[in-house]
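here are the coordinates; sequence isn't available:
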């Protein structure tokens, strides 16, 4: 964009030529003061401090739900192409030694290596907290009790 056009547009914005008359009455959820403190609830960390293997598995609420992580993951390293700390306990080779659930067969190649499209565990498997719901919810799930 030419310098003169940029300056012309900047002057027009400053003068209110591109005013927001069509947006009159529309406000931010934070109000008029953009420096307002975020009203999001504080982050919950029910499993913070719990070591892997110390928590019971969390019941699933629907049949195809990925298992939830019943332990803290804050101290785990970021999953990279070179390293995935989840596999230290959950790989087919290590799971029996660590008494940990083995990753599902759907996550493995024929040679029992982890498929790269399933390598980023925390895309589906997340820690769960016992927190008050943000909105009213009547969902009860569809998994039959064992």
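That came in fine, so what should we check first? The structure presented is a predicted model; accordingly, all values stated were derived computationally and were not measured.

switch to C-alpha atoms for all contacts and neighbour counts from now on
Will do.

Let me see the contact set for the closest residue to residue 76 other than its chain neighbours.
Leaving aside its chain neighbours, residue 76 sits nearest to residue 85 (6.7 Å; criterion: CA to CA, 6 or more residues apart in numbering). Residues near residue 85 by CA atoms under 8 Å, 6 or more residues apart in numbering: 76-77, 79.

neighbour-wise, which of the residues you listed leads?
Highest neighbour count within those, by other CA atoms under 10 Å: residue 79, with 14 neighbours.

neighbours around the closest residue to it other than its chain neighbours, how many?
Leaving out its chain neighbours, the residue that sits closest to residue 79 by CA to CA, 6+ apart is residue 120, at 6.6 Å. Neighbour count of residue 120, defined by other CA under 10 Å: 16.

Redo the contacts of residue 85 as CSV? Include pLDDT, distance to residue 89 and secondary structure.
Listed next are the contacts of residue 85 as CSV, based on pLDDT from 0 to 100; distance: CA to CA, whole Å; DSSP: H, G, I helix; E, B strand; the rest coil:
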residue, pLDDT, distance to residue 89, secondary structure
76, 86, 12, coil
77, 87, 14, coil
79, 91, 14, coil
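
circling back: what about the residue nearest to residue 79, distance to residue 90?
Taking CA to CA, to the nearest Å as the measure, residue 120 falls 13 Å from residue 90.

Residue 97 too?
In terms of CA to CA, residue 97 sits 10 Å off from residue 90.
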